[in-house]
Every structure is written in C-alpha cells, then in structure tokens.
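>>> sequence below, structure please.
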Amino acid sequence: MIERQIYFYSEGSKLDGTLYLPDDYKPGEKRPAIIPNSGYQGFNEFYPRLFAKNLTKEGYICLGFDYRGFANSEGTKGRVILDEQVEDIHNAITFLSLQEEVDEENIGLIGWGMGGSNVVRVAANDTRVKAVAALNGFYHGEEWLRSIHSYVEWKEILKAVNNDRKQRVLTGQSELADPFIHYPLDPATADYVEKELAILSPFGKQTSLQFTDSIMNMNAVKEVKNVTVPLFIAHGKDNLLHPVDEAYKLFEAANDPKELYIIDGKHNDFMFHDNKIFQELIIKLLGFFGRNIPIGLKKEKVI
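Prediction:
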C-alpha cells in the first residue's frame, strides 16, 4: 500500500496520522474510505495500520491516526477521555472527506477494543458514516467496569474517582496512575501486551484517573439506538478482558441492519497479519463493507 503522512486538527490539537492508499489507485479516482480506530493505549502504527494493510488490498482508502495525547499527536499526555476521542473521530471524518481521492459519500468506521464504543457513538450522531464495525469492545462503561472487579475493588474505584473529581475542581489536575490500575488485563492479554506492545515507546504511559470517570459515563448500548446505518459487531468468544456478553448486549439493542460475528479467539491473541483467525475476521469485514460501501461506485471525478 501507498502511505502518505498527514495531520489534521481536532479541537485545537494537531493529530498525526497516515493516509493509506491502494497500490492500484489511479489519479482522478474517488474510492470508498474506512477509518480504523485504536483501542485503549493503541496507536496508528499498530492496529489501524494492520487493518489498512488488508483493506487497501481490496481497493479501500484508509486513514489511521493517533488520538490526542498519543504518540506524536498534540494534547495532554496521559489524558484519555472517551468523549474527546469521539470528537477526534468526527474530525478525522471531516479531514478524510476533504481528500481528493476519497468518495465522501462512502465512508466507514472500524473500532477496535475501546474504540468499538467510540465508533458506535460517532455513527449515532454523524450522518456521514455509512457503515460501522465494532470489534472486541465494551459498550456500557459502568456495567463493564463493575463486572471485572470484586465488590471491594469496585468500592475502592468509586472512592478514587470521587476523590479525583474533588482534586480536579480544586487544582485543575487529575491524578496520574498506572494505565491498568482500573483496566486490569486478563492473563492472555497481559502476555500479548508484554511481548508485542510494551516494547513500543508510545505504549503504557501513565493515565489520569479521569479516564475511569469517562468510562463510567459511557453508554453506547443506549446510543446505538440512534445508529441507522449497517452495523457489524465481532467479538472473541473467549475474551476475558471484554466479555462476549458486551457484544450480545449491543447487538440486542441495535437497529437493523446488523450483523454479529463470534471470533474463535480471545481479545488480541490472533491480531497478527498471517494468523488464520485474523484473516477470517478480515474476510467478514470485507464482506460487510463490500455490501455497504462497495468499491467501484464512484471512480471518476465529476468535472
């Protein structure tokens, strides 16, 4: 694929990204485009680029970018607020629609992990999105967070969040902490993170406790009722980080047309280009986007 480094602004922060073009792209064509979005602690050079590598082979243009505060994007380091990431995706759509290679009438979204709720919420409020795929996400923040902690741990989280709210009011600052203090990794995901992600410099930086607050205020299960475009939900059947019930709840609440695909895997144990399970997921994604924003609808510029 052809890679072009780009940047755009999101609410005043300059975000770093890459426009990924198919090798067979010809000047003058307008192609459907997809924005693959990262999950928690993710960045463009990893999963967005991995999805782009596979989607561009089929003719799609892709845009990968780093949320504000991550990698080389501007913004406060350690500040992870879901509503702000949603804003970043809205602005990425605007930037993508301005590119001469892109058919702005055919833009889709992919959200991985925590990015799954982000893209659902964007699609619920942005009519420019024509198809959306949510992969291995969690969709009701408070319910999910409570489900993966003991009663005692949950009470401690509520106490920490409440104290941090007071600190932010009095000092303007949220406390920085280990990024996984309230987002504990299951053993399989922790092993993957240690081997594949921890060695990458943008990963694993301290995160403000306001992040936990933003999770508790997120309810994509409620907002999915406003999504009127095709929705594809995929989830690992053995995912212990984000239990598969998260996908079932979102699917039940969603409008038609909707599709549910259960991945024969965990959270990210299969997230390698040559992995059979990953390639099966790609086939499903290409089928979904092929039906809803197909290649070839608008190849030439209108003069």
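>>> can you tell me how far Asn44 is from Thr171?
Asn44 is 32 Å from Thr171, where distance means Cβ to Cβ, to the nearest Å. Using the backbone N, CA and C atoms, a C-beta is placed for each residue, glycine as well.
>>> show me which of the two is the more surrounded one.
Asn44 (26 against 9; other Cβ atoms under 10 Å).
>>> how about that one, what does it touch?
Asp16, Gly17, Thr18, Ser38, Gly64, Phe65, Asp66, Ala71 (Cβ atoms under 8 Å, 6 or more residues apart in numbering).
>>> show me where the stretch 151-300 of the chain has its helices.
All helices of the stretch 151-300 of the chain, identified by DSSP state H, counting those that start in this stretch, fall at 151-171, 187-192, 210-216, 220-223, 245-253, 276-292.
>>> same for the shortest one, what does it pack against?
By that I understand helix 220-223. helix 114-123, helix 245-253 (3 or more Cβ pairs under 8 Å, 6 or more residues apart in numbering; DSSP states H and E).
>>> then the last one?
Using 3+ Cβ pairs under 8 Å, 6+ apart as the contact test, the elements touching helix 276-292 are helix 47-55, strand 102-112, strand 129-135, strand 231-236, strand 258-263.
>>> so which bits of it are buried?
Residues of helix 276-292 classed as buried: Ile277, Phe278, Leu281, Ile282, Lys284, Leu285, Leu286, Phe288, Phe289, Asn292 (neighbour count, 16 or more other Cβ atoms under 10 Å).
>>> that older thread, with distance to Met1 added, can I get the helices of the stretch 151-300 of the chain in a markdown table?
As requested, the helices of the stretch 151-300 of the chain are exported to a markdown table (distance: least, Cβ to Cβ, whole Å):
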| stretch | distance to Met1 |
| --- | --- |
| helix 151-171 | 42 |
| helix 187-192 | 25 |
| helix 210-216 | 33 |
| helix 220-223 | 30 |
| helix 245-253 | 29 |
| helix 276-292 | 14 |
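>>> so which of those helices is nearest Lys53?
helix 276-292 (9.6 Å; Cβ to Cβ).
>>> on that earlier part again, in CSV: the helices and strands packed on helix 276-292, plus mean pLDDT and mean neighbour count.
Output for these, formatted as CSV (pLDDT from 0 to 100; neighbours: other Cβ atoms under 10 Å):
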stretch, mean pLDDT, mean neighbour count
helix 47-55, 96, 22
strand 102-112, 97, 23
strand 129-135, 98, 26
strand 231-236, 98, 24
strand 258-263, 98, 17
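>>> of those, which is nearest Leu82?
Of those, nearest to Leu82 by Cβ to Cβ is strand 102-112, at 11.3 Å.
>>> wait, Ile93 touches Val129, no?
Yes: with contacts counted by Cβ atoms under 8 Å, Ile93 reaches Val129, the gap being 7.0 Å.
>>> what do those two both touch?
With Cβ under 8 Å, 6+ apart as the test, Ile93 and Val129 both reach Ile107, Val122.
>>> tell me, what residue is most central in this structure?
Gly115 (2.4 Å; Cα atoms, centre = their mean).
>>> isn't it right up against Ile35?
No: Gly115 is beyond contact range of Ile35, at 10.0 Å (criterion: Cβ under 8 Å).
>>> for Glu87, find the nearest of the helices of the stretch 151-300 of the chain.
Per Cβ to Cβ, nearest to Glu87 of the helices of the stretch 151-300 of the chain: helix 210-216, 12.2 Å.
>>> how far out from the middle of the chain is the closest one?
17 Å (Cα atoms, centre = their mean, to the nearest Å).
>>> CA atoms only for it, dumped as PDB, please.
Extracted C-alpha coordinates of helix 210-216, given in PDB (Å, rounded to 0.1, in the frame of the first residue of the first chain):
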ATOM      1  CA  GLN A 210     -10.300  11.000  34.900                       C
ATOM      2  CA  PHE A 211     -10.200   8.200  32.300                       C
ATOM      3  CA  THR A 212     -12.100   5.900  34.700                       C
ATOM      4  CA  ASP A 213     -14.700   8.600  35.200                       C
ATOM      5  CA  SER A 214     -15.100   8.900  31.400                       C
ATOM      6  CA  ILE A 215     -15.600   5.100  31.200                       C
ATOM      7  CA  MET A 216     -18.300   5.200  33.800                       C
END
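>>> okay, now the nearest residue to His149 once chain neighbours are set aside: neighbour count?
Among residues not flanking His149 along the chain, Ile157 sits closest, at 6.5 Å (Cβ to Cβ, 6 or more residues apart in numbering). Counted with other Cβ under 10 Å, the neighbours of Ile157 add up to 19.
>>> scan the helices and strands of the protein for the one with the lowest mean pLDDT.
helix 187-192 (a mean of 58; mean pLDDT, DSSP states H and E).
>>> nearest residue to Leu285 other than its sequence neighbours?
Ala133 (6.0 Å).
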